[in-house]
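>>> Coordinates only, no sequence provided:
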């Protein structure tokens, strides 16, 4: 399945493995802050409003919204750069090589969503959270995998990274189509006009990022006003960044990825975790965990992801649509599938969108995401440790 490992992949894997530990620390700090005497200060800071610009041309948002709407647009920008690179010349550039993680990712999104819907079917108002358990957190899952070192075959590491990247692509599509507000057509027109200008820059292979950045900031502002979630602007901007496979020097895409990825991995993602993982645990018990929202997310992440990834992948190999990763077997493969249940960053992000108008459900979202991700990480690690041998 894997004939070579690209240098960008090796760099990406090391970066995400290290950032997973920082992300874990940020989540722990958030839980501590929200359950101590600092709780009121913690939530007050997140609710503090900050005006950027002027009253006539600017935005007045809470710090939490600046993190989730503006900084996460940069996160989505980097994610889309990674997706684009992988499909042009990375591990997903060969159809036969890409098919297994694509099919596995589809199963890993479909089965958790079905499980969540079944559990929340009788409480219709919570069905909007169906997409929360569908995504895999790249940094956390790779971070756990890195703890096993050379015990895990490289082909399985590539599979997990590829599947997580495709999961992110699926999450982007879900956000664009299912979690947008009422469309404001004036802003939508300006948004599309900005995107066309970016396409023109790409057409002429402009390698200076300044014009892309200027138009991209306008694109973000217009997207925010259009009713489509503002993070989609980061996706659109990234698709227009030029990357030519035969270029001898680093393309603009690779330069930006190497420049910005560390800031996203060690700055934006931990800040997002710090702002969104805080949940008051006072009064949390088994009954609260068994309520529809957290239970649906927990079961979707822990059971749905591993079942969906394994079942769809197994069938695709048996039907000869795809090839089994080299130096692997189905037990190791299933253990990797368990790690895909680490949802964290993207699951919390989708939860914020799903219940933006029903904040009473957010504690349940956080409990479900944290519990499901924790179980997937621990059980996945233990199983991989048992079924693999140290090289």
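Cool, the structure landed. For clarity, every value in this text was computed on a predicted model and none was experimentally measured.

>>> quick one: pLDDT of the residue nearest to residue 107 when sequence neighbours are not counted?
By the measure of CB to CB, 6 or more residues apart in numbering, the closest residue to residue 107 outside its immediate chain neighbours is residue 312, 2.8 Å from it. The C-beta positions use only the backbone N, C-alpha and C, and glycine is treated the same way. Confidence at residue 312, expressed as pLDDT, is 97.

>>> secondary structure class for residue 312?
Secondary structure state of residue 312, per DSSP: H, G, I helix; E, B strand; the rest coil, is helix.

>>> That one is in contact with residue 102, isn't it?
No. With contact defined as CB atoms under 8 Å, residue 312 does not reach residue 102; the gap is 9.6 Å.

>>> neighbour count winner among the two?
residue 312 (23 against 19; other CB atoms under 10 Å).

>>> Contact partners for the nearest residue to residue 195 once chain neighbours are set aside?
Nearest residue to residue 195 in three dimensions, chain neighbours excluded: residue 236, at 5.3 Å (CB to CB, 6+ apart). Residue 236 sits next to 195, 198, 219, 223 when contact means CB atoms under 8 Å, 6 or more residues apart in numbering.

>>> right, and out of those, which lies closest to residue 243?
Set against residue 243, the nearest of the contacts of residue 236 by CB to CB is residue 198 (14.0 Å).

>>> Pull out the buried residues from the contacts of residue 236.
For the contacts of residue 236, a neighbour count by 16 or more other CB atoms under 10 Å gives the buried set as 195, 198, 219, 223.

>>> which residues touch the spatially most central residue of the chain?
Centroid-nearest residue in the chain, with CA atoms, centre = their mean: residue 346, separated by 3.9 Å. With contact set as CB under 8 Å, 6+ apart, residue 346 has these partners: 135, 136, 137, 167, 168, 171.

>>> Let me see the backbone angles for it.
Dihedral angles of residue 346 (phi, psi; degrees, to the nearest 10) stand at phi -70, psi -30.

>>> Between the two ends of stretch 225-244, how far is it?
With CA to CA, to the nearest Å as the measure, stretch 225-244 spans 33 Å from end to end.

>>> tell me which element residue 61 falls in.
Under the criterion of DSSP states H and E, residue 61 resides in strand 58-62.

>>> which one in the chain is furthest away from the centre?
Farthest-from-centroid check, the chain (CA atoms, centre = their mean): residue 56, 33.9 Å.

>>> if I look at that residue, how far off is residue 233?
Look at residue 56 and residue 233: by CB to CB, to the nearest Å, they are 21 Å apart.

>>> And residue 126, by the same measure?
29 Å.

>>> So between those two, which is more surrounded?
residue 233 (28 against 23).

>>> Kindly confirm my reading that the more buried one is in a helix.
Yes. Under three-state DSSP, residue 233 sits within a helix.

>>> residue boundaries of the helices in the stretch 251-391 of the chain?
252-263, 269-276, 286-289, 292-299, 305-318, 330-339, 344-354, 362-387 (DSSP state H, counting those that start in this stretch).
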